[in-house]
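Trainee: build me a structure from this.
(2 chains)
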There are 2 protein chains.
Amino acid sequence: METFADFREQSLPLIEKEMESFINDHTTNNQLKEAMLYSIHAGGKRFRPLLVLATIRSFNKEAQTCDYQVAAALEMIHTYSLIHDDLPAMDDDDLRRGKPTNHKVFGEAHAILAGDGLLTAAFQLIAISQIEMHQKILLIQLLSKASGIQGMVAGQAGDLQGEARALSLTELADVHEKKTGALIEFALLAGGILADQPAEVVDLLGMFAQHLGLAFQIKDDLLDATSSEAELGKKVGRDEALNKSTYPGLLGLEGAKAALNEQLTLGFQTLETLKQTSSEFHLELLQDFLKQLQL
Amino acid sequence: METFADFREQSLPLIEKEMESFINDHTTNNQLKEAMLYSIHAGGKRFRPLLVLATIRSFNKEAQTCDYQVAAALEMIHTYSLIHDDLPAMDDDDLRRGKPTNHKVFGEAHAILAGDGLLTAAFQLIAISQIEMHQKILLIQLLSKASGIQGMVAGQAGDLQGEARALSLTELADVHEKKTGALIEFALLAGGILADQPAEVVDLLGMFAQHLGLAFQIKDDLLDATSSEAELGKKVGRDEALNKSTYPGLLGLEGAKAALNEQLTLGFQTLETLKQTSSEFHLELLQDFLKQLQL
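Mentor: The predicted structure is shown next:
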């Protein structure tokens, strides 16, 4: 099987085309369209939609148009959350991926609307896709749960409240599980569902996603604590400046590195279990992805 | 058949219970929950969800739990739009229905998240409801279209842009059709779909909704131009102060009143056509609703 880097290079243009054409074909206000496309084109690792597609590929299936649509919908949800998170009332960020944030270019009002538009469009895109009916409903149930008041939006609220006081390790894990973990879990679950996998396999994919999500967050905290602004393309050291609870803050740098390694080890083990559970499953692609999070 | 006022009194507690219990049962962050419930409890005419239920009732059917869920989802979309519209970066309103706006009580960040949460929860509520599968997908398609980048969000962007320059009558009608008309149309279409009506009847309900929506908007503009703050429970004369294009502004007070009457007449006529098309249809309830918009 190809490396994750190869897979990424081959999949990225198709994910981006799907987002772009949906927005172009459906937005009836030009300035709104421009604001949405600006953030869609701002790049980023696209690792949530890539995980949907990599999961499907891991079961030796070729992704179809409707799979790219689900991947695109997920990235639109992620993009909306970044636009709203960057607003002056939230994290007040001027830069994102090395470019001015949405509200810096289009003003706060249009940035709020661009976020609202992308959020709504994500559900519209799945709803009008050619996915089999019961899978479509299941995906909308899972995506609204992952991105909403039991998931990402709740996590973001918890994160804001965490700026005002110190969180315990359990509270911090809960905030992250909701804020970033839930969408990552959706990516793996959606991949398994779209690849027509049985519940026990989808459950194991969800378990893998939890280790992956936690590893991702610890790595993110470590990067914020140790990188330069030029390396990251966004402000660094903000967590500390905001008195935000982080893994390095709670566990120390070495403790956070150990916690990252633990999650990665558990992730690799879950991939082995998946391979033993499903003869169709090839672990290489997701394993390769997980390796990128190693220090 | 009962009057609209009786129907309203009987239906309101059930709509509110549905919204409240969904939010209470699903929100995992207390401050987010409190902020959402604050705006849900802030009252309002609830005329969108009432139109869903009144339409079902007009076909002589008793509304079921799933009908109340669709009505509640629609009101949650409307409520999120009010929270975001009131933000300082948007309309910058301190009062809504005589009470402090969401961001005045919970701060801007939580108001943004409360809006995002209600928007996402609306789709979740429909997705997990007991509605028959193909109707559920159709409703999610229609609601995402009506509330998103082809509908309300696009209309709100057009409305913002209208503050910067004078709109023509056609442009103004387009902004309103998207900003308020689309959700009103959804209410009627959803009622017809949930009452298992054939496409020709659902189409007529959509046509009725367009006259109703336009009448509603002209009435709203007239109230803003002629009422006192105490009467409306919100600031008045804002349209003029903001140099916003309005029907009274473009047509004069008398011209706007004539335009309102024209839409009401067309609305009454469409109800008659509906009665001739479907033997199940009783026009009294929607007729009574339309009468409330008369001057």
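Trainee: and stretch A:46-66, does that touch chain B?
Mentor: No. Judged by CB under 8 Å from any CB of the partner chain, stretch A:46-66 and chain B are separated, with a smallest distance of 13.5 Å. All C-beta spots, glycine's among them, are computed from the backbone N, C-alpha and C.
Trainee: tell me the buried residues in that stretch?
Mentor: Judged by neighbour count using 16 or more other CB atoms under 10 Å in any protein chain shown, the buried positions of stretch A:46-66 are A:46-59, A:61, A:63, A:66.
Trainee: out of those, list just those in helices.
Mentor: A:47-58, A:66 (DSSP state H).
Trainee: ok, of those, which one's closest to chain B?
Mentor: Distance to chain B, by CB to the nearest CB, is smallest for A:C66 among these, at 13.5 Å.
Trainee: which residues are in contact with the closest one?
Mentor: Contact analysis of A:C66 by CB atoms under 8 Å, 6 or more residues apart in numbering or on different chains lists A:S129, A:Q130, A:I131, A:L194.
Trainee: buried only: go through those for me.
Mentor: Taking 16+ other CB under 10 Å as the criterion, what is buried in those is A:S129, A:I131, A:L194.
Trainee: redo these as a markdown table? Include pLDDT, secondary structure and distance to chain B.
Mentor: Formatted as a markdown table, those follow (pLDDT from 0 to 100; DSSP: H, G, I helix; E, B strand; the rest coil; distance: CB to the nearest CB, whole Å):
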| residue | pLDDT | secondary structure | distance to chain B |
| --- | --- | --- | --- |
| A:S129 | 97 | coil | 10 |
| A:I131 | 96 | coil | 10 |
| A:L194 | 98 | helix | 17 |
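Trainee: just checking, A:K244 touches A:G162?
Mentor: Yes. The criterion here is CB atoms under 8 Å, and A:K244 meets it with A:G162 at 6.3 Å.
Trainee: with just CA atoms, put stretch A:101-111 into PDB.
Mentor: C-alpha atoms of stretch A:101-111 as PDB (Å, rounded to 0.1, in the frame of the first residue of the first chain):
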ATOM      1  CA  THR A 101      -7.600  35.300   9.600                       C
ATOM      2  CA  ASN A 102     -11.000  35.500   7.900                       C
ATOM      3  CA  HIS A 103     -12.300  38.400  10.000                       C
ATOM      4  CA  LYS A 104      -9.100  40.400   9.300                       C
ATOM      5  CA  VAL A 105      -9.900  40.200   5.600                       C
ATOM      6  CA  PHE A 106     -13.700  40.200   5.500                       C
ATOM      7  CA  GLY A 107     -14.700  41.800   8.800                       C
ATOM      8  CA  GLU A 108     -16.200  40.200  11.800                       C
ATOM      9  CA  ALA A 109     -19.800  40.100  10.500                       C
ATOM     10  CA  HIS A 110     -18.900  38.300   7.300                       C
ATOM     11  CA  ALA A 111     -16.600  35.900   9.200                       C
END
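Trainee: which stretches of the stretch 1-150 of chain A form strands?
Mentor: Counting by DSSP state E, counting those that start in this stretch, the stretch 1-150 of chain A has strands at residues A:95-96, A:99-100.
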